[in-house]
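Q: Here is a sequence with its predicted model. Questions after.
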Amino acid sequence: MSKFPLWLSILILLSCQQNLKETFDIIIANVNLIDGNGGAIQTGRNIYIYEGRIIKIDSIDLSEDPSVIDGTGKYLIPGLFDCHVHTSDYEYDLPRLMHYGVTSIFVPGGSTCSNQYFKQIRELGAQDSLPAPRVFHTSQHFTMEGRHPVRTYKSSNWVEGETVFYLRDTLQIESLVQQVVQFPIQGIKLTIEEGPMPPPVPRMPQTFVDKVVAEARKNKTRVFVHVSDNTELRMAIKAGINNIIHYTGVDLDFEVDRTLIDSIYQLNVSWVTTLMIDKSFIYPLHPEWIEQSDIRTIYSASKIGDYKNPYDIVRAKAYLNFFKTEESSTPPTLKDIVTFQVEDIKTLYDNGVNMVLGTDTGNKYIFHGHSLHEEMQLLELGGMPPADIIKMGTHNAAKMLNILDDLGTIESGKMADMILLDRNPLDAIENTMSIHLIIKNGVIQQRMSLN
Ligand SMILES: [Zn+2]
């Protein structure tokens, strides 16, 4: 409440007798509000926006006022977050993220992430002329020479000291951490993992992981860890890291791994789901996913990629076979490969773990913007209720990024990032794609042309 200057409160009080349009930039009237807190729909709400903020929410009758946006029969949700985004072509990708209502992104490093790159992408996220989400990010990758992701994702953009830091001994970690905290980072990006597919590269030793965590604490920053299996997860949790940016690859056993599970609960973990990684691997087996969606209209052929190429099809079949059980005679389906993961995600969520939406877009067949909706649909396919999924992509994301005072829900005093939908997303999560209007920072955003 104390966020508003006194003059603004007086202005609002005086405004009762004035034309609402003169006092507020945007009013959405009589809308069904899904505020991001996970509760029931609030019907008949009016949302008043001024200078980028939500000034108040009430439910008086504004049906005679021509200056309002009529929200009758529509649904309002907070702007969505994708908390695992990579982009090397951000002027192309950012407007597409915004087209799909992704008003904030979290970039956990990548091969192009120099300090200059981070500055440019942050500045794009802070303006309203080119549609672009707000940008939050980590430091550059902390990894070791000859390991993941530099060896596994070869690119000439990896430059030591600019886009990646190689840890050579634990003594050097102190100065590296001091160096990166000079920049507006959410925390340090630490890669423990042994690589996405065989042959594996060695993992980072536990002593290095522990030292990064200790130095991060000293410098009042956090660690966002890249893990892809249970061993790496255990290493991260043992070191006290409570921000995990992938789910794929982990397979929890809530009975057998009781110590690990209890540690996760005690650490107040935030955990990004990235189920799209699984779906992306089998995209080549499902050309209809591209042909029957708006992907073709929004993304160029070169960005979509040659999904009919034989190598990708063979790789997709091999990936599916990995999930084949001895009893089944038919190949596993998408539902088969996500359901067991979503069941665990749901158990973690129900036990208070801060589960967060993210896609790992920037990888093949994970489309900036569109795939966040696919991520939500995968969670629903596996049994997650839509209200919880929306909370994961709004409230929980803002909580992980420590920005819940300003973003993540539609409440009085918060920044005005929201999506007006034609259909109810609590009936079916695919209704998050029935976008009528997107507002970021109190400004109605331009969407891509659908010609
Ligand atoms: Zn990633």
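A: In hand now; what should we look at?
Q: mind listing what the closest residue to residue 402 other than its chain neighbours touches?
A: Leaving aside its sequence neighbours, residue 402 sits nearest to residue 186 (Cβ to Cβ, 6 or more residues apart in numbering; 7.5 Å). Glycine gets a C-beta too; all of them are placed from N, C-alpha and C. By Cβ atoms under 8 Å, 6 or more residues apart in numbering, the contact list for residue 186 reads 106, 136, 137, 138, 222, 224, 401, 402.
Q: Quick one, which of those residues are buried?
A: Neighbour-count burial (16 or more other Cβ atoms under 10 Å) applied to the contacts of residue 186 gives 106, 136, 137, 138, 222, 224, 401.
Q: between these, which is nearest residue 117?
A: Using Cβ to Cβ, residue 137 comes nearest to residue 117 of those, at 9.5 Å.
Q: partners of the closest one in the sheet?
A: With DSSP bridges as the criterion, residue 137 is bridged to residue 107.
Q: From what I see, it and residue 113 are in contact.
A: Yes - counting by Cβ atoms under 8 Å, residue 137 does reach residue 113; the two are 7.3 Å apart.
Q: list the residues that contact both of the two?
A: Common neighbours of residue 137 and residue 113 (Cβ under 8 Å, 6+ apart) are residue 107.
Q: residue contacts, the residue lying closest to residue 100 once chain neighbours are set aside?
A: Closest residue to residue 100 apart from its sequence neighbours, by Cβ to Cβ, 6+ apart: residue 369 at 3.4 Å. Shown in contact with residue 369 (Cβ under 8 Å, 6+ apart): 82, 96, 97, 98, 99, 100, 101, 102, 298.
Q: Can you tell me what sits against the lengthiest helix in the chain?
A: Counting residues, the longest helix in the chain under DSSP state H turns out to be helix 334-350. Contacts with helix 334-350, where a contact means Cβ under 8 Å, 6+ apart, come from 247-248, 250-252, 254, 264, 269, 271, 273, 275, 278-279, 282, 286, 320, 323, 355, 378-379, 381-384, 388, 392.
Q: what's the answer for stretch 236-246, then?
A: For stretch 236-246, the surrounding residues in contact (Cβ under 8 Å, 6+ apart) are 83-84, 108, 187, 190, 192, 206, 209-210, 212-213, 222-228, 233, 260, 263-264, 267-272, 274, 277, 358, 360, 400.
Q: Contacts for stretch 161-173 next, please.
A: The contact list for stretch 161-173 (Cβ under 8 Å, 6+ apart) reads 109-115, 117, 139-145, 150, 157-158, 160, 176, 180, 204, 207-208, 211-212, 215.
Q: scratch that, stretch 84-94 is what I was asking about
A: Against stretch 84-94 from outside (Cβ under 8 Å, 6+ apart): 97, 105-108, 110-112, 120-121, 124-125, 130-133, 157, 245-246, 272, 274, 303, 358-363, 368.
Q: how far is it from where the chain is centred?
A: Centroid separation for stretch 84-94 versus its chain: 13 Å, with Cα atoms, centre = their mean, to the nearest Å.
Q: which residues sit in contact with residue 282?
A: By Cβ under 8 Å, 6+ apart, the contact set of residue 282 is 316, 319, 320, 334, 337.
Q: Among those residues, which one sits closest to residue 413?
A: Using Cβ to Cβ, these come closest to residue 413 at residue 334, 40.8 Å.
Q: How far does stretch 220-233 sit from its chain's centre?
A: For stretch 220-233, the distance to the chain centre is 17 Å (Cα atoms, centre = their mean).
Q: doesn't residue 135 fall inside a helix?
A: No - according to DSSP: H, G, I helix; E, B strand; the rest coil, residue 135 belongs to no helix; its state is strand.
Q: So it sits against residue 119, correct?
A: No - under the criterion of Cβ under 8 Å, residue 135 makes no contact with residue 119, lying 10.2 Å away.
Q: So, low pLDDT: which residues of this structure?
A: Counting by pLDDT under 70, the ranges of the chain that qualify are 1-21, 151-153, 195-199, 450-451.
Q: hmm, try it at 50
A: Along the chain, the parts satisfying pLDDT under 50 run over 1-2, 14-17.
Q: before we move on, back to that, and the contacts of stretch 84-94, which of them are buried?
A: Burial by neighbour count, 16+ other Cβ under 10 Å: within the contacts of stretch 84-94 this picks out 97, 105-108, 110-112, 121, 124-125, 131-133, 157, 245-246, 272, 274, 358-363, 368.
Q: circling back to that earlier point, buried subset of the contacts of stretch 161-173?
A: For the contacts of stretch 161-173, burial is judged from neighbour counts taken by 16+ other Cβ under 10 Å, and it is met by 109-114, 117, 139-144, 150, 157-158, 176, 180, 204, 208, 211-212, 215.
Q: So which of these belong to helices?
A: 117, 176, 180, 208, 211, 212, 215.
Q: Tabulate these (TSV), appending distance to residue 69.
A: Below are these laid out as TSV (distance: Cβ to Cβ, whole Å):
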residue	distance to residue 69
117	37
176	49
180	43
208	53
211	53
212	48
215	49
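Q: Of those residues, which is the nearest to residue 420?
A: For those, the nearest to residue 420 is residue 117 (32.7 Å; Cβ to Cβ).
Q: Give the full set of residues in contact with the closest one.
A: The contact partners of residue 117, taken as Cβ under 8 Å, 6+ apart, are residue 163.
Q: If we use 10 Å, what do you get?
A: With contacts defined as Cβ atoms under 10 Å, 6 or more residues apart in numbering, residue 117 is in contact with 87, 88, 90, 107, 110, 111, 137, 140, 157, 162, 163.
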